[in-house]
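1. Show me the folded form of this:
(7 chains)
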Amino acid sequence: MAEKRPFDILNAALDNPVLIRLKGGLEVRGKMASYDVHMNLVLEGAEQLESGEVKRKIGTLLLRGDNIVFIAPSL
Amino acid sequence: MAEKRPFDILNAALDNPVLIRLKGGLEVRGKMASYDVHMNLVLEGAEQLESGEVKRKIGTLLLRGDNIVFIAPSL
Amino acid sequence: MAEKRPFDILNAALDNPVLIRLKGGLEVRGKMASYDVHMNLVLEGAEQLESGEVKRKIGTLLLRGDNIVFIAPSL
Amino acid sequence: MAEKRPFDILNAALDNPVLIRLKGGLEVRGKMASYDVHMNLVLEGAEQLESGEVKRKIGTLLLRGDNIVFIAPSL
Amino acid sequence: MAEKRPFDILNAALDNPVLIRLKGGLEVRGKMASYDVHMNLVLEGAEQLESGEVKRKIGTLLLRGDNIVFIAPSL
Amino acid sequence: MAEKRPFDILNAALDNPVLIRLKGGLEVRGKMASYDVHMNLVLEGAEQLESGEVKRKIGTLLLRGDNIVFIAPSL
Amino acid sequence: MAEKRPFDILNAALDNPVLIRLKGGLEVRGKMASYDVHMNLVLEGAEQLESGEVKRKIGTLLLRGDNIVFIAPSL
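-> Next up, the predicted model:
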């Protein structure tokens, strides 16, 4: 079984929920709709979280890749 | 139906209201008038927000792309 | 009527007053005298603002583009 | 015996547990599943740590390389 | 009369006093002796300022361009 | 006697103890096992320091070069 | 008499004492032994300063250029 390269994780996460942590500590959760080579991402049905609670419903969201700390497909 | 790539979201948002979050936590809202490949954006009728309230009316606004954290077309 | 691209806003602002917000929150206001492709700007008659009040008169000012958060031609 | 170059350490850590420290002080621990030339990493069974204690179980995790401060394979 | 481009301001400031604001808020003042394409600058007779007062006399000073916020030739 | 260029210092430090200061103030000490052109470093037997005291034993450590402030081979 | 370009200052400072201010406010002083095109510097007999007082003797020191705010050869 081949190991998954970092961008394979993005591809596998398409249409699935992901949790994203951004620089500065902000976290958002949503269904990953697309990404590009800069790791810019589009989320659908996105929510901004605070201490794990939903702070704000955002809907469609375009995230700049250079602000991303990590992407967790399983949360 | 094809998925929307990150820059497709920008294109679809033209002439529509967007909420933008900037590094440092500043948020602005306005009608997206244009963008370029660096994600530099022009907003019309822009307002600076604080805790969701309008703090200042700015009007036309040129935002540098490298300060943008996220762009939400639905807010 | 064609939409204005981000650098068209800079061009249209030449010889007109602009408000500039810099990283760290500093704001300056002045007449935009010139710009280059890095968004380095020259302002004439520039003033440093604090909470909207003039804190210091600076006169001619060269601003590095990579410190700019936004440029508002209408304020 | 040849010295190990920095990326040899990443390669040797594949399928082994690593502790990663990120900018801002966040630390995560997990099994390293893959990496790329930007030092983007995939961890499996990742946990977010606080003062050495598990704060949150994250599972699969894609970390952007430009946020990494250090990678410790032996912790 | 042609407008002055950003680097024309640097050229015109040669051998003249300038005030420089750096990232983090530090300000220095001195006679601009030279500059290069990265906006690295040499000041002669430089002084570090605090709240407009001289805090420290530095003499010759090489400033890295990427730390500069603005350059004011008229202060 | 020829002066030592910056990367000569890295080469001379191979297999010798070094103290490294990172952005944010973190300091680590260990035997330098290797480096690359980005100044990514591998330390063996690394320890994280706090006010000069050992705070944590880390063992093998891969440090990203872009977080390094300075490298002191003699401490 | 020709003006000195920024890197001429580095060259003239070779084997002479310099004061270096780093991002974050740290200052070090030592004899400049070498530099490269990235402004990475080697100091000999370096000391870390705090409020102008010697806080720690460091000896040989390799400083990454991208952390440097200014270099003062005359202090």
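2. For residue B:9, see how far away the residue of chain A found nearest chain B is.
-> In chain A, the residue that lies nearest chain B is residue A:59 (3.4 Å; C-beta to the nearest C-beta). C-beta: built from backbone N, CA, C; applies to glycine. Computed as C-beta to C-beta, to the nearest Å, the residue A:59 to residue B:9 distance reads 11 Å.
3. Kindly report the same for residue A:68.
-> 16 Å.
4. Can you report phi and psi for residue A:50?
-> When read as degrees, to the nearest 10, the backbone of residue A:50 gives phi -140, psi 120.
5. Local confidence estimate at it?
-> pLDDT, residue A:50: 89.
6. if I pick it, what's in contact with it?
-> Applying C-beta atoms under 8 Å, 6 or more residues apart in numbering or on different chains to residue A:50 gives the contacts residue A:27.
7. Run through the bridge partners of it.
-> residue A:53 (DSSP bridges).
8. next one: residue A:61
-> Under the criterion used (DSSP bridges), residue A:61 bridges to residue A:43.
9. contact partners of stretch A:33-47?
-> Residues outside stretch A:33-47 that contact it (C-beta under 8 Å, 6+ apart): A:10, A:14-15, A:18, A:20, A:28-32, A:54-66, A:68, A:71, B:3-9, B:72, D:64.
10. coming back round to it: isn't the residue of chain A closest to chain B right next to residue B:70, touching?
-> No. Contact criterion C-beta atoms under 8 Å: residue A:59 and residue B:70 do not qualify, at 11.4 Å.
11. Off-centre distance for the worst-scoring helix or strand of chain A on mean pLDDT?
-> Ranking every helix and strand in chain A by mean pLDDT, DSSP states H and E puts helix A:6-13 at the bottom, with a mean of 93. Computed by C-alpha atoms, centre = their mean, to the nearest Å, the chain-centroid distance of helix A:6-13 equals 11 Å.
12. Buried residues, it. List them.
-> A:6, A:7, A:9, A:10, A:13 (16 or more other C-beta atoms under 10 Å in any protein chain shown).
13. tell me which element the spatially most central residue of chain A falls in.
-> Of all residues in chain A, the one closest to the mean position by C-alpha atoms, centre = their mean is residue A:20, 4.0 Å from it. According to DSSP states H and E, residue A:20 maps onto strand A:17-22.
14. before we move on, the earlier item: show me whatever sits in contact with both of residue A:59 and residue B:9.
-> With C-beta under 8 Å, 6+ apart, residue A:59 and residue B:9 have common neighbours residue B:73.
15. Relative to residue B:24, how far out is residue A:51?
-> Residue A:51 sits at a distance of 21 Å from residue B:24 (criterion: C-beta to C-beta).
16. Looking at these two, which one has more neighbours?
-> When neighbours are counted by other C-beta atoms under 10 Å in any protein chain shown, residue A:51 and residue B:24 differ, and residue B:24 comes out ahead with 13 against 6.
17. and the more buried one, backbone torsions?
-> The phi/psi pair for residue B:24 (degrees, to the nearest 10) is phi 90, psi -10.
18. Ok, residue A:74 next?
-> Phi and psi for residue A:74, reported as degrees, to the nearest 10, are phi -100, psi 0.
19. Quickly find the element holding the residue nearest to it when sequence neighbours are not counted.
-> Excluding its sequence neighbours, the residue lying closest to residue A:74 (C-beta to C-beta, 6 or more residues apart in numbering or on different chains) is residue D:59, at 3.4 Å. Element membership for residue D:59 (DSSP H and E) is strand D:53-63.
20. which of the contacts of stretch A:33-47 are buried?
-> A:10, A:18, A:20, A:28-30, A:32, A:58, A:60-66, A:68, A:71, B:4, B:6-7, B:9, B:72, D:64.
21. Would you mind listing what in chain A touches chain B?
-> A:14, A:22-24, A:26, A:28, A:33-36, A:40-42, A:46, A:58-64, A:66-67 (C-beta under 8 Å from any C-beta of the partner chain).
22. Write out the residues of chain A neighbouring chain D.
-> Within chain A, the residues that sit near chain D (C-beta under 8 Å from any C-beta) are A:3-10, A:19, A:23, A:25, A:39, A:65-66, A:68-75.
23. Quick one: neighbours of residue A:21, just the number.
-> 25.
24. correct me, but it touches residue A:75?
-> No. With contact defined as C-beta under 8 Å, residue A:21 does not reach residue A:75; the gap is 9.9 Å.
25. Check which helix or strand residue A:34 maps to.
-> strand A:27-35.
26. partners of that strand, with directions?
-> strand A:17-22 (antiparallel), strand A:41-50 (antiparallel).
27. how far does it sit from the chain's center?
-> 4 Å.
28. then it to PDB, C-alphas only?
-> Provided in PDB are the C-alpha atoms of strand A:27-35 (Å, rounded to 0.1, in the frame of the first residue of the first chain):
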ATOM      1  CA  GLU A  27     -10.200  27.400  13.500                       C
ATOM      2  CA  VAL A  28     -12.900  26.700  10.900                       C
ATOM      3  CA  ARG A  29     -14.700  23.600   9.900                       C
ATOM      4  CA  GLY A  30     -16.600  22.800   6.700                       C
ATOM      5  CA  LYS A  31     -16.800  20.500   3.700                       C
ATOM      6  CA  MET A  32     -13.800  20.900   1.400                       C
ATOM      7  CA  ALA A  33     -15.000  21.800  -2.100                       C
ATOM      8  CA  SER A  34     -11.700  22.500  -3.800                       C
ATOM      9  CA  TYR A  35      -8.000  23.500  -3.500                       C
END
